[in-house]
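K.L.:
Have a look at this prediction, sequence included:
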Amino acid sequence: MEETQAHSCRDDHQLASNIAQYGLSVILIEASDYLPSFAYSIGLWQNYTHPEVICFGLSLETLHATLNAVAGLVKSGGAMEVNQRYSDFFEQADALFLTVDERNIRDYFGTAMDYYRAKDFPALQLVWPDQNGKFPWEAECDQRLTHLQPLLDRNAEFKFREEKNLATFTTRQWLEHKKPITHVIHDADGNWLFLTGDQIASDMRMVTLEQLVVSDKTLNDVFDLEYGEEATRLRTGGEWTRYKAAE
């Protein structure tokens, strides 16, 4: 993700200046072909002992305005309560707040972790409903919201955006001999391939995505590979190197 990249001293100075002047800074991340837009605050925890706030799936302008509206309530002494409906942020729609599981912090709050030099600060996720007022965890909800709004209070053991029963390619070597996955491909068509590096075409097998992740939780580290992106490592638990697939 773009925001996890290192910041220059000038960027850090501007961030600290914004937090000192306005009480917070809002980090905005544009949507990609695969991942939704999102924005989060930095400074609410430092200045108001209030969890930072993250929101997904809206235009950057709306995300910015929404987080500033949350900050306005916090600055006036309010505290966002989990699972309480709020009508303060959207016209004709309520919003809810969820507690972000600490295991999901590092995936989305890179700049905040750099600023706080920690990843154990609290955070809330602001969630918005579909046109019928249904939230992503409700059965009747528009399924498009499940991609636009990953729910960070859960799914820490399975971080992929797709369904757990997604048919996924792997190798006979992994399935039969439990050889480690060292190469992951998320191709331009959205297919996921989890490879052992020693396979040939006849070795390819299909399993569910959940079967792979349950066997090796470290595969969660590449849940956010873009379409047409690959990642390799030397061993299970090793550091992943990401790169664009050859055209």
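P.N.:
Nice, I can see it. As the structure is a prediction and not an experimental result, all values here were calculated from the model.

K.L.:
Alpha carbons of the longest helix along the chain, as PDB, please.
P.N.:
Longest helix of the chain, by residue count under DSSP state H: helix 60-75. Taking C-alpha atoms only, helix 60-75 is exported to PDB below (Å, rounded to 0.1, in the frame of the first residue of the first chain):
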ATOM      1  CA  LEU A  60     -11.400  11.000  -0.900                       C
ATOM      2  CA  GLU A  61     -13.200  14.300  -0.400                       C
ATOM      3  CA  THR A  62     -16.000  12.500   1.500                       C
ATOM      4  CA  LEU A  63     -13.600  10.500   3.600                       C
ATOM      5  CA  HIS A  64     -11.700  13.700   4.500                       C
ATOM      6  CA  ALA A  65     -14.900  15.500   5.400                       C
ATOM      7  CA  THR A  66     -16.200  12.600   7.400                       C
ATOM      8  CA  LEU A  67     -13.100  12.200   9.500                       C
ATOM      9  CA  ASN A  68     -13.000  15.900  10.200                       C
ATOM     10  CA  ALA A  69     -16.600  15.700  11.300                       C
ATOM     11  CA  VAL A  70     -15.700  12.900  13.700                       C
ATOM     12  CA  ALA A  71     -12.800  14.900  15.000                       C
ATOM     13  CA  GLY A  72     -15.100  17.900  15.600                       C
ATOM     14  CA  LEU A  73     -17.200  15.800  17.900                       C
ATOM     15  CA  VAL A  74     -14.100  14.400  19.700                       C
ATOM     16  CA  LYS A  75     -12.700  17.900  20.100                       C
END
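
K.L.:
got a list of contacts for the very next helix or strand once past that helix?
P.N.:
Sequence order places strand 86-90 as the next helix or strand after helix 60-75, per DSSP states H and E. Residues outside strand 86-90 that contact it (Cβ atoms under 8 Å, 6 or more residues apart in numbering): T66, A69, V70, L73, M80, A93, D94, A95, L96, F97, L126, W128. C-beta here means a position set from N, CA and C on the backbone, and glycine is covered the same way.
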